[in-house]
Every structure is written in C-alpha cells, then in structure tokens.
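> got a predicted model here, sequence first, then my questions.
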Amino acid sequence: MPVVLDRKGDSVVARDLDDGGVEVAILEIPSETLPAYVAERDAAEHPRWVWSDTAEWYPRLLLAGVRVERAADLRLCRRILRSAEATSSTPLAGLPRDGWDAAAAAPVVEPGAALFDLTERVERGPAHEEYLRQADAVARSREPGVLALLLAAESVGALTAAEMSHAGLPWSARRHDEILTGLLGARPVAGRPERMEALVVRLRELLDAPELDPDSPERLLRALQNAGLPARSTRSWELKELRHPAIAPLLEYKKLARVLTANGWNWVDSWVREGRFRPVYVVGGVVTGRWASDGGGALQLPHQVRGAVVADPGWKLVVADAAQLEPRVLAAMSGDAAMARAGRAQDLYEGIVESGAVADRNEAKYGMLGAIYGGTTGVSGRVLPRMRRVFPDAMRLVEEAARAGERGERVRTWLGRTSPSRGGEGYDETLSSEARDRARSDARSWGRFTRNFVVQGTAAEWAMCWMGSLRRRLWELGEGAQSAARHPFDRRPHLAFFLHDEVMVHTPAEFADQVEQEVRAAAADAGRMLFPSAPVEFALTVAQVDSYDRAK
DNA sequence: CGATGTTGCCAC
DNA sequence: AAACGTGGCAACATCG
C-alpha cells in the first residue's frame, strides 16, 4: 500500500492510499518525529513510501538510523515518463513543464540540519497528485509492465545510491599516502614532489629548454617542436609514436602529474573523512540511464590508488563484475541464438572465438565493441562483416538503432527509457555541399549515439535490477546480526560501491561466502526480470579481498 | 578576478 | 591498434 509523504511547512503529511489511489488515511507529523514514524511503519507494514525525491528525503532518515524497504522517487519517475515514447500520448506527457521536471535540490546533510534544509528550494505540487498522474500514465501506456519495472528499478537505485553514500567506501588514508609516497616521493610542503621535480630537471636538459613547464600543454608542445620533434599535440598516445630520449620521462611525468592532481594528497584531504570516501551518485545522471557522480571523481577511481580501499578489520570486500555485460545484454535483447551460445562461456569473447567468427580474443573484443560503439576502422571495421554473418540478429538490432538515429527518430531501451530527440536541422537538399557534408556527419554521429544508447541503457537497467535484488538479499542475510548496531549498516553486509557493471559489498568476514552466493543469485534474478525467456547467462567475476586492488 | 572554453586523461 | 559510445574533473588559457 502506498504512503505518500509531503512536506507542509515544518511538518510532514502522510497519506495512505488504497490500491485504487483513494485516500484512506491522513496524518500530520512533526518533522522531528518523522524518522521514528517511518521506522515503525516500515517494520510493521512494509509500505511503499512515495516521496518527491529520494536524494532529498532519505539521507537524513539514514542519518537518524532509519532504512526503508521501498520508496518511489517521483522526480526520477517523472523524468522517465515525461520523455518515454510509450507514454507520449498520455496526459502527463502533455503537461507544461513544472516543478516536477526540475533538477534535484541537494539537502544539507549535517547532524544539526533540519529535515528540510535544502541548498535551494524547488517548488513542486502535492506529491499524491503527481503519484496519481504517473500511475495513470503507466496504466495508459503501451507497455505498463516493463515501464513499471523500470520505475521500480530507478527508485530502488535511488535508495541504494543514498545508502552507499551513507555507508561510504572504506578508505585508508595511510595506505593512500604510502601509495603516493611510493610513486611520487614524500608529500611536499610546497611545489612539486621530488620524483616529478627530478623529471622536470631531466626534461629541461633533454629538450634544451631551461624554462620548460610541462604542466602547460601549449608551452610543452612548443618545446617539443623546438627540439625538432614532429609533435602535433601533447596527448600521451601521440607522444608514444615519437622517438626521442625525452619521451619516456615525459610520459612518466604526465602519469605522475595525473595521479597527483586527480587523486593526490589534496584529494584525500577533501574527500576522505573518518576512513570513508562518500561518493554522491547521480541516479539517471547519464542520458542512457547510467549513473553519474558528483564530486571526488567517484566513477573514475584509477587503478593506481585502489589499494587504499581497504576493508575494516574483520571485514572483507566482495567485488563482483558482470563479465562482458553489454554484449550479453545485446544477445538477450536481440534473441541472437549464436551470441547467446557464445555467452555460455565464462568469457564471452572466448566463446566468440570458439564459434569460429574470429581468429582471436582481441578480434572478438574489438569486433563487439565496434558493433556497440559504431566503430568503422581498424580491427572493428575489419571484423564487422564476419560478425554480421555469425550474429545476424544482434548486428541487425544495433544497426537498426543507428539508422533510426540517423533518420532523426528516437530509440528506446529494453524497459522503455527513450533517447532524447536530436534537435537541430535535418538534412536538406538546398544546403551548400559543405553544410550537407556536415549534416551527414552529424547524422552519423547521432546514429552512433542511438546505437550505443539501446545497449548501454539496457545494460544500466540490468545493473539496477541486479543491485536492487542484491540490496534486498543482503538485508535479509544480515537480519539477526544487527542487535547492537547504531546505524543500519554497522554490523551487516552492505553495498559500498557501484560502477556501471560492478558492485562492491563491504561485509563482516564471516558472511563473505554467503554474500558471494547472493551476488550471483541476484545476477540471475536480474536476467530473469529483464529477459524472462532469453537463454542468456550473465557471468560474473567475483573476488573476496581485503583491498580493492586485489580484485580483477 | 571569476566565468567560460580547451586540453588531456581517468573510469566503464 | 586507433581515435568509435557515455561521463567527471583539474589545470591552463582566455575573456569580460
């Protein structure tokens, strides 16, 4: 039964609706007692909470020690329904833009902050009215079943994201410092670390450029050219083609400079508190439905510093990665029997090699990635015709998505998230030849986007179903282990990190084996939820480790 | 001096 | 190997 929460001044109004959406009870609650109210009803009745925005409501409930089982996020659901093709002829799609279309307002999450301290105020109408509009749009849509699953997955994703931010990624500042010191030398009080400074001295000699500052791409490029090198940019992969004694130390300098600026000591000072890095996930922040992140570069943690992610004493990290997720998703969506067969192998790329389509794993990998990204050159271009012959259904699906995009049509994921419209001018015979070339090239580029959208977006849906199922399984696993805990995840296995096709669970060591089983079971759940009849296996690579660098 | 654009590189 | 999809972010350069 849905219970819709709405703010009213400094208090909260809770409306119980019946399954037909009719209000059967209403209660006003002072906001200080909201956590207790939510905790009690959640335990007793397992209601489906409905609120405007999980990112706004949930962090403070978590801070008060309250975890909920289910909650619909009206803001995220509105965004999906607003642009979904399947709801395009419903009243919701025709509404003028309103507060429900506005971006999230970040809450002020500090122990002392009041429930409704927001960084900015977003005015939205009554939540129960929006809830009914959305329910109506789903019911009238061409495919209520899958859309409802998408909305549920997005909503549970928002809960999981808030919980992972709350629990945080266990981060050892001491290990991080050891890693940095090993690479760069000791932390400098000012100026460059020792190793980098030594490299600069060498570079200045080797390039005969006493003033050289390798941090300035422009001046670096000029210095390289003055030394007689045919450099066109200072990109590492281009520099690698050049032969000169300065290239190796330069590449090393760039490597170190990257670590220092992106994940150096300053990063630790800014982002690690009390042994935790707390990423802010932006659910649905990518057009395709993938998550983005806000602050700290949470989704780009370089492998170099992953050794600083260390389980608490007596705990383990269970790190699971969906092997070749996007190709498997493509096989399932397209019903391509040959590709599904290749996916029986733990390594789908090896399965493709065994199918005889390609000579080696490398060709299989770049052939598949080329099919999904729209590659035309190099290995992917060469292998494409063979992929088409061996996996006709899969290749047809991506190529039709590309052609639809080129024609300016929208495409959709398996569960119905719809790509944005292209906007801009279309192709027109009256254009000049250069303008026509550009229009054609823009169309092809948009085709690569829509081609990728259907696969990347569906993979994101699979991942959210995986994580949603795992979240529930972990909670059930932890029941009983919890007695003396002060906050919901103190003593029990919980999700700690998510990265597109990879999850990390932080767990008391005695649960690690069971966690691994649940992670695998959840992947099977996700496969069944999305593709009940497709014989595609979603293989995982799972590792139980003490630190993140030991996984993979 | 802050806002905006560009470059380059990290992740999947 | 070559430069084909989605992002975030820091530093430098430039603009107003």
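In hand now; what should we look at?

> from the chain's centre, how far out does the helix or strand containing A:Asp442 sit?
Assigned by DSSP states H and E, A:Asp442 belongs to helix A:433-478. Chain-centre distance of helix A:433-478: 10 Å, with Cα atoms, centre = their mean, to the nearest Å.

> and the next element down the chain from that helix?
Counting by DSSP H and E, what follows helix A:433-478 is strand A:494-498.

> ok, that following strand: who's next to it in the sheet?
When pairing is defined by DSSP bridges, strand A:494-498 lines up against strand A:502-508 (antiparallel).

> quick check: buried residues in the strand it pairs with?
Applying a neighbour-count criterion of 16 or more other Cβ atoms under 10 Å, the buried positions in strand A:502-508 are A:502-508. Where you see a C-beta, it was placed from the backbone N, CA and C, and this is true even at glycine.

> and what of stretch A:252-267?
Buried residues in stretch A:252-267 (16+ other Cβ under 10 Å): A:253-254, A:256-257, A:259-260, A:262-265, A:267.

> and which of the residues you listed is nearest A:Val122?
A:Trp267 (30.7 Å; Cβ to Cβ).

> could you look up the SS state of the closest one?
Here A:Trp267 is recorded as helix under DSSP: H, G, I helix; E, B strand; the rest coil.

> so it makes contact with A:Gln300?
No: using Cβ atoms under 8 Å, A:Trp267 is not in contact with A:Gln300; the gap is 11.5 Å.

> that older thread, check whether the helix holding A:Asp442 comes near DNA strand C.
Yes: Helix A:433-478 is in contact with DNA strand C by Cβ under 7 Å from any atom of the strand, via A:445, A:448-449, A:452-453, A:456.

> returning to what we had before: among the buried residues of stretch A:252-267, which are in helices?
Counted as lying in helices by DSSP state H, out of the buried residues of stretch A:252-267, are A:253-254, A:256-257, A:259-260, A:262-263, A:265, A:267.

> before we move on, back to that, who wins for most neighbours among the residues of helix A:433-478 next to DNA strand C?
Sorting these by how many neighbours each has (other Cβ atoms under 10 Å) puts A:Phe453 first, at 24 neighbours.

> apart from its neighbours in sequence, what residue is nearest that one?
For A:Phe453, ignoring the flanking residues on the chain, the nearest one in space by Cβ to Cβ, 6 or more residues apart in numbering is A:Ser419 at 4.7 Å.

> how about A:Pro392?
Nearest to A:Pro392 is A:Asp336, by Cβ to Cβ, 6+ apart, at 7.4 Å.

> list the contacts for that neighbour?
By Cβ atoms under 8 Å, 6 or more residues apart in numbering, A:Asp336 lies in contact with A:330, A:391-394, A:397.

> then A:Ala292?
In this structure, A:Ala292 makes contact with A:281-282, A:285-286, A:299, judged by Cβ under 8 Å, 6+ apart.

> contacting residues for the spatially closest residue to it that is not a sequence neighbour?
Leaving aside its sequence neighbours, A:Ala292 sits nearest to A:Gly285 (Cβ to Cβ, 6+ apart; 3.0 Å). Taking Cβ under 8 Å, 6+ apart, we find A:Gly285 in contact with A:291-294.

> filter these to the buried ones?
Those of the contacts of A:Gly285 that meet the buried threshold are A:291, A:293, by 16+ other Cβ under 10 Å.

> for the contacts of A:Gly285, which one is nearest A:Arg440?
Closest to A:Arg440, out of all of the contacts of A:Gly285 and judged by Cβ to Cβ, is A:Ala292, at 30.7 Å.

> ok, A:Gly289 - contacts?
A:Gly289 sits in contact with A:154, A:413, A:417, A:457, A:460-461, A:464, where contact means Cβ under 8 Å, 6+ apart.

> same list, those residues, but as TSV with neighbour count and pLDDT please.
Below are the contacts of A:Gly289 laid out as TSV (neighbours: other Cβ atoms under 10 Å; pLDDT from 0 to 100):
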residue	neighbour count	pLDDT
A:Glu154	25	97
A:Thr413	25	97
A:Arg417	27	97
A:Gly457	24	96
A:Ala460	27	97
A:Glu461	27	97
A:Met464	29	97
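
> which one of those is nearest to DNA strand C?
Nearest to DNA strand C out of those is A:Gly457 (Cβ to the nearest atom of the strand; 9.2 Å).

> quick one, phi/psi of A:Pro210?
A:Pro210 adopts backbone torsions of phi -60, psi -20, taken as degrees, to the nearest 10.

> burial check on it, number of neighbours?
A:Pro210: 7 neighbours (other Cβ under 10 Å).

> contacting residues for it?
A:Arg204.

> and the pLDDT at it?
A:Pro210 is assigned a pLDDT of 93 by the prediction.
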